[in-house]
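>>> Quick one, fold the following:
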Amino acid sequence: MAEHVISIDQGTTSTRAIVFDRRGNVVSVGQQEHQQIMPAAGHVEHDPLEIWQHVQEVIGTALGRADLTERDIAAIGITNQRETTIVWDRATGEPVANAIVWQDTRTQPIIDRLAADGGVDRFKSVTGLPLASYFSASKIAWILENVPGARERAERGELLFGTPDTWVLWNLTGGVDGGVHATDVTNASRTLLMDLETLSWRDDLLEAFGIPRSMLPEIRSSSEVYGTAESSSLLRGTPVAGILGDQQAATFGQAAFSAGDSKNTYGTGCFLIFQTGTEIVHSSNGLLTTVGYQLGDGPAHYALEGSIAVTGSLVQWLRDQLGIIRSAAEVEQLSRSVPDNGGVYVVPAFSGLFAPYWRPDARGAIVGLTRYSNRGHIARAALEAVAYQTRDVLDAVNADVEVPLAELRVDGGMVANDTLMQFQSDMLGVPVVRPRIAETTALGAAYAAGLAVGFWGGLDELRANWGEDRRWEPSLETTERDRLLRQWRKAVSKSMDWVDEDTR
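Numbers count the residues shown, from 1 in each chain. You can find the predicted model right below:
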């Protein structure tokens, strides 16, 4: 009898395969980073073929390290970077262009064109989303408008669209030889093309963006058998049974299933999800309304989300572009070399400001610099920016739902940074809690897949798997917290109104 589930976690910077046991423990991991392609300012791309190659490699690595075969794996779950857009030829499997990554801002002119009639909230009552370059629809439209021959091929039904979950699923289940072209409700809800109530594509939205319906995948639940692995000989015949967008997967992996449950993931970006149950709550304070999960033929569960574009990637920027650290781990040590931020604030609006501001005209800024400032202050200000942005998002959540936050469950690579987690607790004024199993994104996809095939019996069994690893309690005086937040918001205001007709 199979005693494991494997997750494919296709993220923004790497692809991983992680094997879990029944207690949700990590058994083995395979991981490969992929190239970040930035051909112009505001353009961020990935090579879809490189990603698929890495999917196959990391599956082999994870199985090999655990000395397992397909007979030991009950199901496959998929989780992915959301909104990232891939368009490929259904007959050859060849992408027509590189994937346009969720961080990419090249489609802002398309957004401006659509917002001229009805504003940025033109489709929000239907989709839960503002018009923004963040989401998939304008990226599809850009490819159709700018890749030679793409629109004609799409109109003839030759091209398929998918976010990375769909790309991996299609290839894994056979590709050109009968691959399943589907996505789940959580990823579909991030395209600007799905009706939140009906969980289906809307023809009026497709018309507005100029996207043929034939390109789109079938929308399915987050937990069901979509097909079986055929293209990976190592997992041949294993059911692919769970798909969740990465942030919804992390929430599911935190066992945050019920209305009022929340989590914050600190990865390339930072994403706070607050579950609202089966009720659709439309935000008046800059948050997104999204699908949290749907299990089989059960009802959809919804959530409010605060999306912050740049957190972990800010540390990568310090390393790769500025060169003030040699590894991401050094940022904590460098930040501890100074007693405070020295009056320095970093606003990482590299792709504009996401929630709760939604200001595409903003750009990154470092403010408060004096001759006293050094690289330690910049490193500390970069870490603090992560916590400040999370506070901004949680203030918006509290304004929308009026449910006081008792504690914040956290996950993602940055939660290993004790300095950041303590400062986060100080800025929120509530405990911050790290789970025993830190790989919550991959775990959430594993849970969804395992539920679909009966590997786990239900949500109560998954709740029993969750355990606390560490807790940080707030220790900063309220007056000092308020002063720091006041200065932060002043810094944010300095980043706005930067992009105009003279900006190159």
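>>> ok, for Thr311, nearest residue in space, not its chain neighbours?
Spatially, and ignoring its direct neighbours in sequence, Thr311 is nearest to Cys270 (4.0 Å; CB to CB, 6 or more residues apart in numbering). For every residue, glycine as well, the C-beta is placed using N, CA and C.
>>> Any stretches of the stretch 301-450 of the chain with poor pLDDT?
403 (pLDDT under 70).
>>> the strands in it, which residues?
345-347, 365-367, 408-411, 432-435 (DSSP state E, counting those that start in this stretch).
>>> Mean neighbour count, the ones you listed: which tops it?
Comparing the strands of the stretch 301-450 of the chain by mean neighbour count (mean count of other CB atoms under 10 Å), strand 345-347 comes out on top with a mean of 26.
>>> now the end-to-end length of stretch 21-37.
Length of stretch 21-37, first residue to last, CA to CA, to the nearest Å: 36 Å.
>>> Check which helices and strands the strand or helix carrying Ile110 is in contact with.
Assigned by DSSP states H and E, Ile110 belongs to helix 108-115. Where contact means 3 or more CB pairs under 8 Å, 6 or more residues apart in numbering; DSSP states H and E, helix 108-115 is packed against helix 136-146, helix 203-209.
>>> Identify the residues contacting the first one?
Spelled out, that is helix 136-146. The list of residues contacting helix 136-146 from outside it, by CB atoms under 8 Å, 6 or more residues apart in numbering, reads 83-85, 87, 96-97, 100, 104, 106-107, 110-111, 114, 133, 150-151, 154, 161, 163, 190-193, 205, 209-211, 215.
>>> what residues are up against Asp261?
Asp261 touches Thr251, Gln254, Phe274, Gln275, counting by CB under 8 Å, 6+ apart.
>>> picking up where we left off before, now the buried members of the contacts of helix 136-146.
83-85, 87, 96-97, 100, 104, 106-107, 110-111, 114, 133, 150-151, 154, 161, 163, 190-193, 205, 209, 211, 215 (16 or more other CB atoms under 10 Å).
>>> out of those, which are inside helices?
Applying DSSP state H to the buried ones among the contacts of helix 136-146, the entries found in helices are Ile110, Ile111, Leu114, Ala150, Arg151, Ala154, Leu205, Phe209.
>>> Tell me who's in contact with the second one.
Going back to what we said before, that points to Ile111. So Ile111 contacts Val120, Leu131, Ala132, Ser133, Ser138, Pro360 (CB under 8 Å, 6+ apart).
>>> any chance of the residues you listed in a markdown table, with distance to Glu50 too?
Shown next, in a markdown table, are the contacts of Ile111 (distance: CB to CB, whole Å):
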| residue | distance to Glu50 |
| --- | --- |
| Val120 | 34 |
| Leu131 | 31 |
| Ala132 | 27 |
| Ser133 | 23 |
| Ser138 | 24 |
| Pro360 | 29 |
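>>> count of residues packed around Thr238?
Look at Thr238: counted by other CB atoms under 10 Å, it has 24 neighbours.
>>> Then Asp500?
Asp500 is flanked by 7 other residues according to other CB under 10 Å.
>>> Give me the distance between it and Asp184.
39 Å (CB to CB, to the nearest Å).
>>> Thr441 too?
Thr441 is 15 Å from Asp184, by CB to CB.
>>> Please give me every residue in contact with the residue nearest to Ser214 when sequence neighbours are not counted.
With sequence-adjacent residues excluded and distances taken as CB to CB, 6+ apart, Ser214 is closest to Gly157, at 4.4 Å. The neighbours of Gly157, taking CB under 8 Å, 6+ apart as the test, are Arg90, Pro212, Ser214.
>>> Could you dump the strands of the stretch 301-450 of the chain into JSON lines with distance to Ala75 added?
Formatted as JSON lines, these follow (distance: least, CB to CB, whole Å):
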{"stretch": "strand 345-347", "distance to Ala75": "42"}
{"stretch": "strand 365-367", "distance to Ala75": "46"}
{"stretch": "strand 408-411", "distance to Ala75": "22"}
{"stretch": "strand 432-435", "distance to Ala75": "22"}
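>>> among the ones you listed, which is nearest Ser373?
Ser373 sits nearest to strand 365-367 of all the strands of the stretch 301-450 of the chain, at 8.9 Å, using CB to CB.
>>> now for that closest one, which elements pack on it?
By 3+ CB pairs under 8 Å, 6+ apart, strand 365-367 packs against strand 345-347, helix 478-495.
>>> which residues sit in contact with Asp500?
Asp361.
>>> what's the distance between it and Pro360?
Distance of Asp500 to Pro360, computed by CB to CB: 12 Å.
>>> Deepest-packed of the helices and strands packed on strand 365-367, please.
strand 345-347 (a mean of 26).
>>> residues making contact with it?
For strand 345-347, the external contacting residues (CB under 8 Å, 6+ apart) are 314, 353, 362, 364-368, 378, 381-382, 384-385, 487-488, 491-492, 494-495.
>>> ok, back up a step: take the helices and strands packed on strand 365-367 and lay them out in CSV including distance to Asn374.
Listed next are these as CSV, based on distance: least, CB to CB, whole Å:
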stretch, distance to Asn374
strand 345-347, 14
helix 478-495, 18
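>>> Which one, of the helices and strands packed on helix 108-115, ends up nearest to Val291?
helix 136-146 (14.3 Å).
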